[in-house]
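S.K.: build me a structure from this.
(one chain, ligands or ions: 1)
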Amino acid sequence: MSKKQFKTEVSDLLNLIIHSLYSNKEIFLRELISNSSDAIDKLKYLSLVDGPLKGFSFDPCINITFDSNAKTLTISDNGIGMDEKDLNDNLGTIASSGTKKFLATLTEEAKKDSNLIGQFGVGFYSAFMVASSVEVISKKAGSNEAFRWYSEGKSSYSIDPAERAEQGSTIILHLNEEGEEYANRYRLDSLIKKYSDHVAYPIYLEYDQESYTEEKDSEGNPIKKSEHKREQVNSASALWTRNKSSIKDEEYKEFYKNNYFDQEDPLFYLHTHAEGATEYTTLFYIPAKAPFDMNYADYRSGVKLYVKRVYITDDDKQLLPTYLRFVRGVIDSEDLPLNVSREILQENKIMSAIRNGSVKKLLSEFKKISENNPELYDKFIKEYNRPLKEGLYSDYANRDSLLELVRYKSDSVDGFTSFKAYKERMKEGQKAIYYITGGKENILRNSPLLAAYKKKGYEVLIMDDDIDEIVISMVGEYKELPLKAINKSGALDDVKEEKSEEEKKSSESIVKRFKDLLGDSVKDVIASSRLVDTPAVIVMDENDPSWQMQKLMKQMGNVDDMPEVKPIFEINTESKLVKQVETLSDDEAKMLANVLLDSAYLAEGIMVKDPAAYTKNVASLLAK
Ligand SMILES: Nc1ncnc2c1ncn2[C@@H]1O[C@H](COP(=O)(O)OP(=O)(O)OP(=O)(O)O)[C@@H](O)[C@H]1O
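M.R.: Numbers count the residues shown, from 1 in each chain. Next comes the predicted model:
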């Protein structure tokens, strides 16, 4: 016997599955059936495309048997099967390296969520929730050898030669105490219907039915007879191929929950059939909660591609643009060739037409919901605002549609607002959409810059998402209205208050004094025409990166090459404090100017360069 150790992650994972996730242990059956269905998909596909298995003929099916005396449950399929190496690779290691990393971060509460199992691709191991040992007897299509994998789910497994007539896999569960209840016809029947009704291949349940015959024994009692039966339990039709009007809401939801490993109903779904230059069907779902890996670079794509009902792939990130990675569902094309490979998919004209059409449909559905069902749209935005913003950046062709979908916080209304609603609220004479970026919400909301806009009645959007900065500066305008950052020099003049000649003169001399005092610690000093109660603020030159952007650039590692970017110091020359620089001695004036500059940094949530010097200056000024 060749005994092998599981990779350590597998032992950890088994432990986790067996002990934390077992509140919903019945899902093991769905996982094993789904593996069988995938295995049939793979063989069916290989039998249709060029290669050694082309023309391979078989009658796809999944068979389930049980023995309540021996306490076993057996799931077998005639799919692709596994050879020795596959058994080692697939059942001896964990599917993705990201999974372990993610598991490590899960809270105890979250670990109890059995939903997570399927999302990881650890489905097979769920068998150990109900079995004390598991055997897999498998023969790979095209091979003459069969193998038996065996494990008690602790730290090791073994692989030995075995016998199996046909290609495919047989999974034998030796049920533990928790699992005994599954060696039961009615229990299995209802579980298959519940979770696997739409699996595209027939699932047969075999059982012995006992009945009483007409005949009587010597004592006159009816004689019992046992009959072996084999019945198809699932309906085995691909839901998306059915006519929309014949499908109930419940059926759509069940399909989603059983196929996309979510216990919650989806937020909404859309089922469409396109005809014309390209013919295809799509059934898309929006999960109620963003998938856990949505913000990981190695996220799992949630859309499966079929060609004429034949499964092609669920691992292709080209099917939809990255920013729609939260969408789950099916694309089924009538026109793509079956042997379409990943490389071909990328450049295939039909695929790109399907992709463009799908994006348009999704975006227009989002728009419809935003107009007709604001409550639902709020839920949607709470989960998916961020990926939509990425779309603004990456999907130029659909930017106008996306601009109608994204939402922002505002200093004038509660919750989120759209650009459209902002535009409708705009004051007469207002020529731009104003926003502030570059920090946490509370810092932005307390920015001294807001007062001048408020005074004019101009609304300011509070953009506190770290990608807003990059995205919005790229977008530039909404319906020909420029988008202006109020903490950049470009928005200064829009809220200008006219000054008298005398005021101008006095402010010129104060500005000059500040320039002398601060030297090259700032890019420039300007007299503010918009500050109300605040002595001074820092803003960035229109063409310089903001603080947030600089921070991002530093994080990305370009520290050495990046020249120091200095702010423009905008001073309120009407402020008493500011005016004092003209009366104080040079030393004291310098101290004051530096304190004002450092305070302006702090108001932006930016740490001052020399905190010790700052507190010392403040203390000595206060003392005076
Ligand atoms: N019945 C089967 N026939 C052939 N291969 C199988 C079968 N069951 C499992 N496998 C192989 O073992 C691998 C691991 O299965 P497991 O259920 O743990 O993860 P997965 O199927 O990749 O992910 P998920 O369960 O999320 O779909 C599968 O990817 C597949 O290659």
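S.K.: quick check, Ser156 in contact with Gln5.
M.R.: Yes. Ser156 lies in contact with Gln5 (Cβ atoms under 8 Å); the separation is 5.2 Å. (C-beta placed from N, C-alpha, C; glycine too.)
S.K.: more neighbours, those two?
M.R.: Shown here are Ser156 and Gln5; by other Cβ atoms under 10 Å, Ser156 has more neighbours (14 against 11).
S.K.: so for the more buried one, what's the pLDDT?
M.R.: Ser156 carries a pLDDT score of 83 in this model.
S.K.: same thing with Glu375?
M.R.: 96.
S.K.: so which helix or strand takes in it?
M.R.: Per DSSP states H and E, Glu375 falls inside helix 374-394.
S.K.: list of residues touching the helix or strand just after that helix?
M.R.: Sequence order places helix 399-405 as the next helix or strand after helix 374-394, per DSSP H and E. Residues outside helix 399-405 that contact it (Cβ atoms under 8 Å, 6 or more residues apart in numbering): 360, 363-364, 366-367, 370, 388, 391-392, 395, 418-420, 475, 478.
S.K.: near the ligand, which residues of the stretch 151-300 of the chain? Just list them.
M.R.: Counting by Cβ under 6 Å from any ligand atom, the stretch 151-300 of the chain comes close to the ligand at Ser169.
S.K.: quick one on the thing from earlier: report the lowest-confidence entry in the contacts of helix 399-405.
M.R.: Val475 (92).
S.K.: what parts of this structure come near the ligand?
M.R.: Going by Cβ under 6 Å from any ligand atom, the residues of the chain near the ligand are 31, 34-36, 38-39, 77, 79-82, 90-91, 95, 118, 121-125, 169.
S.K.: low-confidence ranges in this protein?
M.R.: 1, 7-24, 93-122, 338-343, 556-561 (pLDDT under 70).
S.K.: residue ranges for the strands of the stretch 451-600 of the chain, please.
M.R.: 460-463, 477-478, 481-485, 524-527, 536-539, 568-571 (DSSP state E, counting those that start in this stretch).
S.K.: now do stretch 154-173: distance to the chain's middle.
M.R.: Put simply, stretch 154-173 sits 36 Å off its chain's centre (Cα atoms, centre = their mean, to the nearest Å).
S.K.: I'd like the next helix or strand past whichever strand or helix holds Thr281.
M.R.: If you go by DSSP H and E, Thr281 is part of strand 280-286. As assigned by DSSP H and E, the chain's next helix or strand after strand 280-286 is strand 303-307.
S.K.: name every strand pairing with that following strand and say which way it goes.
M.R.: strand 310-313 (antiparallel), strand 328-333 (parallel) (DSSP bridges).
S.K.: in stretch 251-265, which residues are buried?
M.R.: Tyr252, Lys253, Glu254, Phe255, Tyr256, Lys257, Asn258, Asn259, Tyr260, Phe261, Asp262, Asp265 (16 or more other Cβ atoms under 10 Å).
S.K.: surely the last one is within a strand?
M.R.: Okay, so that is Asp265. No. Looking at Asp265 with DSSP: H, G, I helix; E, B strand; the rest coil, it is coil, so not inside a strand.
S.K.: that one contacts Lys257, correct?
M.R.: Yes. Between Asp265 and Lys257 there is a contact under Cβ under 8 Å: 7.3 Å.
S.K.: quick check on the residues of the chain next to the ligand: which are buried?
M.R.: 31, 34-36, 38-39, 77, 79-82, 91, 95, 118, 122-125, 169.
S.K.: filter the residues you listed down to the ones in strands?
M.R.: Among those, the subset assigned to strands under DSSP state E consists of Asp77, Ser169.
S.K.: re the thing from before, show me how far the strand holding Thr281 is from its chain's centre.
M.R.: On the basis of Cα atoms, centre = their mean, strand 280-286 is displaced by 17 Å from the centre of the chain it belongs to.
S.K.: which elements pack onto it?
M.R.: Packed against strand 280-286 by the contact rule (3 or more Cβ pairs under 8 Å, 6 or more residues apart in numbering; DSSP states H and E) you find helix 249-259, strand 268-274, strand 328-333, helix 349-372.
S.K.: among the ones you listed, which is the most enclosed?
M.R.: Highest mean neighbour count of the helices and strands packed on strand 280-286: strand 328-333, a mean of 24 (counted as mean count of other Cβ atoms under 10 Å).
S.K.: now the angle from that one to helix 349-372?
M.R.: Angle between the axes of strand 328-333 and helix 349-372 is 140 degrees (criterion: axes from the mean of the first three to the mean of the last three Cα atoms, to 10 degrees).
S.K.: which residues touch strand 328-333?
M.R.: 238, 240-241, 256, 260, 262, 266, 269, 278-287, 302-309, 319, 350-351, 354, 358.
S.K.: which among these count as buried?
M.R.: 238, 240, 256, 260, 262, 266, 269, 278, 280-287, 302-307, 319, 350-351, 354, 358.
S.K.: who are the contact partners of the closest residue to Thr573 other than its chain neighbours?
M.R.: Using Cβ to Cβ, 6 or more residues apart in numbering and skipping residues adjacent in sequence, the residue nearest Thr573 is Ser507, 3.6 Å away. Ser507 makes contacts with Lys499, Ala527, Thr573, as judged by Cβ under 8 Å, 6+ apart.
S.K.: for the ligand, see how far away Ser507 is.
M.R.: Noted for Ser507: a distance of 67 Å to the ligand, by Cβ to the nearest ligand atom, to the nearest Å.
S.K.: what of Asn88?
M.R.: Taken as Cβ to the nearest ligand atom, the span from Asn88 to the ligand is 11 Å.
S.K.: pretty sure that residue sits in a strand.
M.R.: No. Per three-state DSSP, Asn88 lies outside any strand segment and is helix.
S.K.: contacts for stretch 298-310, please.
M.R.: Contacts of stretch 298-310 (Cβ under 8 Å, 6+ apart): 41, 44-45, 48, 96, 98, 119, 121, 200, 238, 241, 260, 284, 291, 293, 311-317, 319-320, 325-334, 336-338, 340, 345.
S.K.: try 7 Å
M.R.: With Cβ atoms under 7 Å, 6 or more residues apart in numbering as the test, stretch 298-310 has contacts from 44-45, 48, 98, 238, 241, 260, 291, 293, 311-317, 319-320, 325, 327-334, 336, 338, 340.
S.K.: biggest strand in the protein, by residue count?
M.R.: Max-length strand for the chain by DSSP E is strand 203-216.
S.K.: now do the domain split for this structure, please.
M.R.: Following the assignment in automatic domain parsing, the chain carries domains at 2-232, 239-375, 408-494, 499-540+551-623.
S.K.: neighbours of Thr72, just the number please.
M.R.: When neighbours are counted by other Cβ under 10 Å, Thr72 registers 17.
S.K.: could you do the one 3 residues further on as well?
M.R.: The local packing count at Ile75 equals 24, with neighbours defined by other Cβ under 10 Å.
S.K.: tilt between the strand or helix carrying it and strand 203-216?
M.R.: Assigned by DSSP H and E, Ile75 belongs to strand 72-77. If you take the same axes, to 10 degrees, strand 72-77 sits at 130 degrees to strand 203-216.
S.K.: so what touches strand 72-77?
M.R.: So strand 72-77 is contacted by 32-33, 36, 39-40, 62-66, 168-175, 182-183 (Cβ under 7 Å, 6+ apart).
S.K.: 8 Å - rerun?
M.R.: The contact list for strand 72-77 (Cβ under 8 Å, 6+ apart) reads 29, 32-33, 36-37, 39-40, 60-66, 130-131, 168-175, 179, 182-183, 188.
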